[in-house]
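In: Below is the sequence, then the predicted model.
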Amino acid sequence: MDNNYIIYDQHTKKSKEINLKELFNVIKKRLWICIVITIVTTALGTYYSNSTYKPVYQTSSRIIVGATPDNRATLQVIIKDTVVLEKVVKELGLTQSPEDLAGQITVESIENSQVVSISVTDSDPERAANIANTTARIFKDEIPKIMNSSDIRPLSEAKINPWPINQPGNQMTIISAIIGVVIGVGLIFLLDSLDETFRNNREVEELLDLPVLGRISKMNRKNLKVKRGDQVKFDSRGETVGDK
């Protein structure tokens, strides 16, 4: 059983034979094109991924809120309110608005306990720690003015975390490599379709509908030198003349 498949062309009403080995040879002949294109697209994808990568750092400060679960939920909402964050922005001299700063802050109760974590994400690890600690301190100072509850105690300050929580992904690199392979293979078959030279006897027989009886090998300088060395010289009497 060979590797040939028959495809029926409804337009020409003829059957066309596709040989998988020939397709492989077509790709192998110009494989360097696919390799070069894949390397270029992969390099561009990697460069784009690294150039657009922005590290994000996160740190948390913790406070103890002595209140019932309902009051504790209310207090957690107040932490991200503009009443608190306006003072944080002013004290630290931040460029973002209180609303934008609220998007960087996550407030949650740890395992439904009285311990509340104030987590901050920022592109600067030191600024993230300052925001978390300042928010916890200002909240503790302002909450007695807003509610009767004043049982707010600091538990632990936020530390500078030098390790980003996001890493440059290789997804863009993989996609770029796949695109390079697809473009390379497509270009190889395009160039092959534009190549009108005959590569084997079968193509000549299909075109002329005649059998090939012989073929002339390609001549190069090496072959010509061999042919010239094999030539025999004759004198006027028809006898061979050799070098002495």
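Out: Looks like it came in fine.
In: quick one: stretch 101-117 to chain centroid distance?
Out: 34 Å (CA atoms, centre = their mean, to the nearest Å).
In: repeat for stretch 171-189
Out: Shown here is stretch 171-189, whose average C-alpha point lies 12 Å from the average C-alpha point of the whole chain (CA atoms, centre = their mean).
In: now do stretch 135-145
Out: For stretch 135-145, the distance to the chain centre is 45 Å (CA atoms, centre = their mean).
In: With stretch 50-70 instead?
Out: Taking the mean C-alpha point of stretch 50-70 and that of its whole chain, the gap between them comes to 29 Å (CA atoms, centre = their mean).
In: Make residue 1 into 327 and carry on from there
Out: Sure, I'll start counting at 327 from here, so that last one is stretch 376-396.
In: tell me the mean pLDDT over it?
Out: In this model, stretch 376-396 carries a mean pLDDT of 87.
In: Name the nearest residue to the spatially most central residue of the chain, sequence neighbours excluded.
Out: Central residue of the chain (CA atoms, centre = their mean): Met498, 1.5 Å from the mean position. Taking CB to CB, 6 or more residues apart in numbering, and ignoring the residues beside it in sequence, Met498 has Ser375 as its nearest neighbour in space, at 4.1 Å. Yep, even glycine has a C-beta here, placed from its N, CA and C like the rest.
In: Ok, Ile361 next?
Out: Across the structure, with CB to CB, 6+ apart as the measure, the residue nearest Ile361 apart from its sequence neighbours is Gly510 (7.3 Å).
In: OK, contacts around the one you found?
Out: By CB atoms under 8 Å, 6 or more residues apart in numbering, the contact set of Gly510 is Ile359, Cys360, Ile361, Val362, Ile363, Thr364.
In: cool, Ile353 as well?
Out: Counting by CB under 8 Å, 6+ apart, Ile353 makes contact with Cys360, Val511, Ile514.
In: part of a helix, is the second one?
Out: What it means is Val511. Yes: residue assignment for Val511, taken from DSSP: H, G, I helix; E, B strand; the rest coil, places it within a helix.
In: so it touches Ile359, yeah?
Out: No: taking contacts as CB atoms under 8 Å, Val511 lies outside contact range of Ile359: 9.0 Å.
In: per-residue confidence averaged over stretch 484-493?
Out: When pLDDT is averaged along stretch 484-493, the result is 89.
In: how about it: buried residues?
Out: Ala484, Pro490 (16 or more other CB atoms under 10 Å).
In: Now name the helix or strand holding Ser445.
Out: Secondary structure here is read from DSSP states H and E; on that basis Ser445 sits in strand 441-448.
In: ok, now Arg388?
Out: If you go by DSSP H and E, Arg388 is part of strand 383-391.
In: Can you name the element that comes right after that strand?
Out: Note on strand 383-391: by DSSP H and E, the next helix or strand toward the C-terminus is helix 395-405.
In: In terms of secondary structure, what does that following helix contact?
Out: In terms of contact count using 3 or more CB pairs under 8 Å, 6 or more residues apart in numbering; DSSP states H and E, helix 395-405 is assigned the packing partners strand 383-391, strand 431-435, strand 441-448, helix 451-472.
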